[in-house]
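# Here is my input; please provide its structure:
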Amino acid sequence: MKKDAILAVLHIVNSTKTVFGNVKGITPITLSAMLRNAGYQQYVLYSNTDMWEALKSNTPLRLNSPWFIHLLKNTFAYGFFASKNILEGTVKLTSIEYAKFKKTSIDFSRDKALLNELGIRRLIRNYDHFIFISPHLDDAVLSCCLLLENLKEANKQVSIITVFTNATLPPYTNDALNFVNKSGYQFADLLFQARKEENIKVLKFLKLNYRHLDFTDAAFRKTKLNKKFQAKQIFPMFTPQRMFVYPNFKKLFSGKVSILDNELIKKLKVIIRKQVKELKLKKILIVAPLGIGGHVDHIIIRQLARELKFRVLFWSDFPYNTHKKLVEGFFSKEKGFEQLFTIKVPEKTEKYKVIKFYKSQIPVLFPEKKIPQISEIYYTAKDSSI
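Residues are numbered from 1 along each chain as shown. I've put the predicted structure just below:
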């Protein structure tokens, strides 16, 4: 090539593996080393998403623009411009070419990778502060750690409000007691103290802001009748199951919120709205659970998030979403959601490292001690937009 020539290569698959057929990808880091070894000292990389957005508006691509590796970490494909001498100027369509392009019907609906990246990019561009409302002391990290990593790399402000972080004193239902014992504890209050410490450790490691609201977990919520018996030190002869809002795990995971929780929900709505307003921030996006698995605490938070009149992104609940029947059962009943984007598990991520910090929950959630690695999927309500 001549000294002032420019080499342009488009649509390189960002992977170290064979993607399909005999097509093998290459990462931007490996490629940049190859370019330097071949004498191309000046180069710039753009994701396919950047190129598509520039193409639609005919915005020039700067050839001397600095590129950042973290911006390409999750992109499916990218391209580059390189020179052995000086790389300067811009690339764009001529006015005639752009006019032809605008008249051309281009169907990119089959390019799922591009649409996916556009969804993530739009999210990061449109909002400054992301508030994750987590039902329990692990839900947001279990389901959204890859998104959390993306938001932190984009220098977005992220807060996690965890709602149900407490348990009551004995007696417990049989199912709740079994849960406590499987977690390695005799008493729920000690278990939940350990879970708080685990969660704080994780969120500090991820450098995220957090708040614990200390409402009682549904598995331990007692009725007013139970409180009257305890106040008078009267212990009924019948089983304590009848004294709980959710007397067994069948009720707990039914997806149906008890009317006995109505007072709690009203109080919770006031508190969360106040917590969000105290941040005094604009361009806020609430991120909440979809409720796959039917846990009533997840359903409560999903309903509250919709009623707060903020814009809401919903996450697919992990590890419930690893069970095909639970996912199919959920979407057969819930028709009001549509998929917005997916974050595939990158080759390097902190997610599965930090999940192991939740030591008390590993035996319960992953009895085989193997954490499934699946993509994170995010949804919006069909009757709203973000």
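# contacts and neighbour counts: CA atoms only from here.
OK.
# For this structure, give me the ranges with low pLDDT.
Along the chain, the parts satisfying pLDDT under 70 run over 225-241.
# now the helices for it?
Taking DSSP state H as the criterion, the chain carries its helices at 28-37, 48-57, 95-103, 112-126, 139-153, 174-182, 188-205, 224-231, 249-252, 262-278, 296-307, 324-333, 351-355, 362-365.
# The first one: which residues count as buried?
Using 16 or more other CA atoms under 10 Å as the burial criterion, the residues of helix 28-37 that qualify are 28, 32, 35.
# For it, enumerate the helices and strands it packs against.
Packing partners of helix 28-37 (3 or more CA pairs under 8 Å, 6 or more residues apart in numbering; DSSP states H and E): none among the helices and strands.
# Just the CA atoms of it, as PDB, please.
Only the C-alpha atoms of helix 28-37 are listed here, as PDB (Å, rounded to 0.1, in the frame of the first residue of the first chain):
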ATOM      1  CA  PRO A  28     -10.400  -6.000  18.800                       C
ATOM      2  CA  ILE A  29      -7.400  -6.500  21.200                       C
ATOM      3  CA  THR A  30      -5.900  -9.300  19.000                       C
ATOM      4  CA  LEU A  31      -6.700  -7.400  15.800                       C
ATOM      5  CA  SER A  32      -5.000  -4.200  17.100                       C
ATOM      6  CA  ALA A  33      -1.800  -6.200  17.900                       C
ATOM      7  CA  MET A  34      -1.800  -7.600  14.400                       C
ATOM      8  CA  LEU A  35      -2.200  -4.200  12.800                       C
ATOM      9  CA  ARG A  36       0.800  -2.800  14.800                       C
ATOM     10  CA  ASN A  37       2.900  -5.800  13.800                       C
END
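# re earlier: between the buried residues of helix 28-37, which sits nearest residue 181?
Among these, residue 28 lies closest to residue 181 (CA to CA), at 47.9 Å.
# shouldn't residue 295 be in contact with residue 257?
No: the criterion here is CA atoms under 8 Å, and residue 295 misses it with residue 257 at 9.0 Å.
# Need the overlap of contacts for those two.
Overlap between the contact sets of residue 295 and residue 257, as judged by CA atoms under 8 Å, 6 or more residues apart in numbering, is nil.
# so which of the helices of the chain comes closest to residue 81?
Of all these, helix 28-37 comes closest under CA to CA, at 10.4 Å.
# And the contacts of that closest one?
Under CA under 8 Å, 6+ apart, the answer for helix 28-37 is 14, 41, 45, 69, 72, 82.
# Between these, which sits nearest residue 146?
Nearest member of the contacts of helix 28-37 to residue 146, counting by CA to CA, is residue 72, at 14.3 Å.
# The closest one: what's it in contact with?
Contacts of residue 72 were listed using CA under 8 Å, 6+ apart, and they are 28, 46-47, 78.
# and it, how far is that from residue 45?
With distances taken as CA to CA, to the nearest Å, residue 72 is found 9 Å from residue 45.
# Now the common contact residues for these two.
What both residue 72 and residue 45 touch, as defined by CA under 8 Å, 6+ apart, is the set 28, 78.
# Please give me every residue in contact with residue 379.
Residue 379 neighbours (CA under 8 Å, 6+ apart): 290, 313-316, 337-341.
# Counting neighbours, what do you get for the nearest residue to it once chain neighbours are set aside?
Take residue 379 and drop its neighbours on the chain: the residue closest to it by CA to CA, 6 or more residues apart in numbering is residue 339, 4.3 Å away. Residue 339 sits with 15 neighbouring residues when counted by other CA atoms under 10 Å.
# The one 3 residues further on now?
The burial metric for residue 342, expressed as a neighbour count using other CA under 10 Å, is 19.
# Having no further points to raise, I will conclude here.
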